[in-house]
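# Need coordinates for the following:
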Amino acid sequence: MAESPVLIILAGGASSRMWPLREKSLIKFGAQPLLVTQLQQYAALGFREVIIVANLENRVDIAGLVEGMTDMKIEIVVQPEPKGMGDAILKAEPVLANRLDTPVYINQIHDVVEDKLHLDMLAAHARNPAASYLAGYEMTEYFPGGYLVVDAAGRISGMVEKPGAENRPSNLVTFVAHLHTNVGQLFEAIKAEYTKDIPSDDHYERAMDALMKGMTYQVVRYSGQWKALKFPWHVLDIMNVFLDQLKGKGQQVAESAFVAKTASLVGDVYIGEGAKIFPGAAVVGPAYIGAGVIVGNNALVRNSMVLSGSNVGFTTEVARSYVAEHVDMHACRVLDSVLASGVNFSAGCTTANLRIDKGTVSSRVKGNKLDTGRDKLGAIIGQGAFIAVDAMTMPGVKIGEGAQIGPGTHVIQDVGDGKRVYVKQEVVVSD
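Residues are numbered from 1 along each chain as shown. Down below sits the predicted model:
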């Protein structure tokens, strides 16, 4: 019988590309952080031993979250600096020092996939524990990522990064769902790459290329759902994964929730404990309304997630948006947007979500202009920001933590953490 692999979850690295949002593994989709949801999924699939690679910023939070999880043995190791995936994996070596012949299954916390992939990986390992396995995501359209080089029998001989649409060696894109049959050999191969004077940080990928020359690596094909939380607008993609889980379940309303007789619940919706849906309001599914949320008179929430303690005030519209905990909104429009916890979105505010030319919306990440691939994208607003009355944000704008936007301001570019942006006006009083 094949030995059950140890699960290594990569939850460290830097989250700088997620600005103005915080640590991505701790973002809540529903009542609990993504990390906890993922761990519960792995536990249900039979994993019993987990090593989480954290960073200096999130290790305390992660330790608190996993403290009560008794159905798995969980070890937390820390990668002090973001030195690449290879370095992160090596941080697990002390935990496995006396078991270097054990198999490991490496995943990234921010990759959200269906159970089928993990079950297929485990089944392949059970059939032939001498081989290692990499997931290959089947894609017809070109994807600017790494592609697997495979033969007719599914054996992998290499990987090609961003080969161009005309030079794809297969239709199989690689992402981090990798089952290595011998962790000791993997550690040694990664260490060997770190001794080389090569400036790139692809030590792990180069180590696998080296291992493939003497060991069998097989592909496990996958065509199900795969969403990755890499940039802040991807929160909307992950949100939709969780909203899809509500479909077909009808209206789930907690006993302590209040839904006025003249309010409307349409489609598949979840209404949490103590939530209040006031007269004239409508919640259109799939939609998630967390505990203690208020949806005020004549407000509309559709295809969105509103987390606990938030207020969707009078006549507010929240559409296709993610609203974190304790956000206050009143008589405003939140469209295709992401609002972190504690944001104040005042009366008359609107997140513009559509370009005049109807093209895809771009956004700047670490100084680089990126195409989000979304034809509708509103604002992404960091924790505790205050947006004053009648302010408006242009498509794709990001506003940092604790920033203040003055009344009547049109925000046309990103605003840094703690910055104040306002419009000067001259007041003329005449007879």
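# And the helices in this structure, which stretches?
Using DSSP state H, the helices found in the chain span residues 34-44, 59-66, 85-90, 115-127, 183-194, 203-212, 234-244.
# what angle do the longest one and helix 34-44 make?
When you say that, I think you mean helix 115-127. When axes from the mean of the first three to the mean of the last three CA atoms, to 10 degrees is applied, the directions of helix 115-127 and helix 34-44 differ by 40 degrees.
# other SSEs contacting helix 115-127?
If contacts are counted by 3 or more CB pairs under 8 Å, 6 or more residues apart in numbering; DSSP states H and E, helix 115-127 sits against helix 34-44, strand 104-108, strand 132-138, strand 172-180, strand 217-222. All C-beta spots, glycine's among them, are computed from the backbone N, C-alpha and C.
# Out of the ones you listed, flag the one nearest Val283.
helix 34-44 (22.5 Å; CB to CB).
# Point out where this structure drops to low pLDDT.
Within the chain, the set of residues satisfying pLDDT under 70 comprises 1-2, 14.
# Domain map for it?
Following automatic domain parsing, one finds the domains of the chain at 6-228, 234-421.
# which of those domains is buried the deepest?
Most buried of the domains of the chain by mean neighbour count (mean count of other CB atoms under 10 Å) is domain 234-421; its value is a mean of 20.
# Spatially central residue in the chain, please.
The residue lying closest to the centre of the chain (CA atoms, centre = their mean) is Leu229, at 3.0 Å.
# circling back: any chance of the domains of the chain in JSON lines, with distance to Val428 too?
JSON lines is the format used below for the domains of the chain (distance: least, CB to CB, whole Å):
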{"stretch": "domain 6-228", "distance to Val428": "37"}
{"stretch": "domain 234-421", "distance to Val428": "16"}
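# how near is the residue nearest to the residue nearest to the centre of the chain when sequence neighbours are not counted to Ala11?
Leaving aside its chain neighbours, Leu229 sits nearest to His110 (3.8 Å; criterion: CB to CB, 6 or more residues apart in numbering). When CB to CB, to the nearest Å is the yardstick, His110 and Ala11 sit 8 Å from each other.
# Now do the contacts for the residue nearest to the centre of the chain.
Contacts for Leu229 were tallied using CB atoms under 8 Å, 6 or more residues apart in numbering; they are Met18, Lys24, Ile27, Leu34, His110, Asp111, Val112, Val235, Asp237, Ile238.
# Same check on Gly280?
Shown in contact with Gly280 (CB under 8 Å, 6+ apart): Ala260, Thr262, Ala263, Asn297, Asn298.
# shouldn't Glu273 be in contact with Gln252?
No. Here Glu273 does not reach Gln252: they are 11.3 Å apart, not a contact under CB atoms under 8 Å.
# quick one on the thing from earlier: which one of the contacts of Gly280 is nearest Gly136?
Distances from Gly136 to these, taken as CB to CB, are shortest for Ala263 (47.3 Å).
# and the gap between the closest one and Leu246?
In this structure, Ala263 lies at 18 Å from Leu246, with CB to CB as the measure.
# what's the answer for Gly384, then?
Taking CB to CB as the measure, Gly384 and Leu246 are separated by 29 Å.
# sorry, back to before: and the residue nearest to Leu229, how far is that from Ser15?
Using CB to CB, His110 is found at 9 Å from Ser15.
# Residues that sit against both of those two, list them.
With contacts taken as CB under 8 Å, 6+ apart, His110 and Ser15 have Lys24 as neighbours in common.
# which ones are touching the closest residue to Glu401 other than its chain neighbours?
Nearest non-adjacent residue to Glu401, counting by CB to CB, 6+ apart: Gly382, 3.8 Å away. With contacts defined as CB under 8 Å, 6+ apart, the neighbours of Gly382 are Trp19, Pro20, Leu21, Ala340, Val343, Lys398, Ile399, Gly400, Glu401, Gly402, Ala403, Asp417.
# of all these, which comes closest to Asp375?
Proximity of the contacts of Gly382 to Asp375, judged by CB to CB, is greatest for Lys398, which lies at 18.1 Å.
# my guess is the closest one meets Trp233, correct?
No. Using CB under 8 Å, Lys398 and Trp233 do not qualify as a contacting pair, with a distance of 9.3 Å.
# Now for the two: what residues contact both?
With CB under 8 Å, 6+ apart applied, the overlap between the contact sets of Lys398 and Trp233 consists of Ser363, Ile380.
# Contacts only, for Met159.
Taking CB under 8 Å, 6+ apart, one finds Gly146, Tyr147, Leu148, Val149, Thr174, Glu205, Met208, Asp209 in contact with Met159.
# could you measure the residue nearest to it when sequence neighbours are not counted against Pro20, distance?
If the residues on either side of it in the chain are set aside, Met159 comes closest to Gly146, at 5.0 Å by CB to CB, 6+ apart. Distance of Gly146 to Pro20, computed by CB to CB: 29 Å.
# what does Leu339 give?
Here the criterion is CB to CB. By it, Leu339 lies 11 Å from Pro20.
# go on, Ile380?
In this view, Ile380 and Pro20 are 6 Å apart by CB to CB.
# so what's in contact with these two at the same time?
Listed contacts common to Ile380 and Pro20 are Pro232, Lys398, Ile399; contacts here mean CB under 8 Å, 6+ apart.
# which residues does the second one contact?
Right, the one you point to is Lys398. Lys398 makes contacts with Trp19, Pro20, Pro232, Ser363, Arg364, Ala379, Ile380, Ile381, Gly382, Asp414, Val415, as judged by CB under 8 Å, 6+ apart.
# tell me which residues form a beta bridge with it?
As for beta bridges, Lys398 partners with Ile380 under DSSP bridges.
# mind checking how far it is from Leu21?
The spacing between Lys398 and Leu21, counted by CB to CB, is 9 Å.
# Give me the common contacts of these two.
Both Lys398 and Leu21 are in contact with Pro232, Ile380, Gly382, where contact means CB under 8 Å, 6+ apart.
# ok, those residues vs Pro407, which is closest?
The closest of the shared contacts of Lys398 and Leu21, once distances to Pro407 are taken by CB to CB, is Gly382, at 19.6 Å.
# beta partners for the nearest residue to Val176 once chain neighbours are set aside?
Taking CB to CB, 6+ apart, and ignoring the residues beside it in sequence, Val176 has Gln108 as its nearest neighbour in space, at 4.5 Å. For Gln108, the beta-bridge partners are Leu10 (DSSP bridges).
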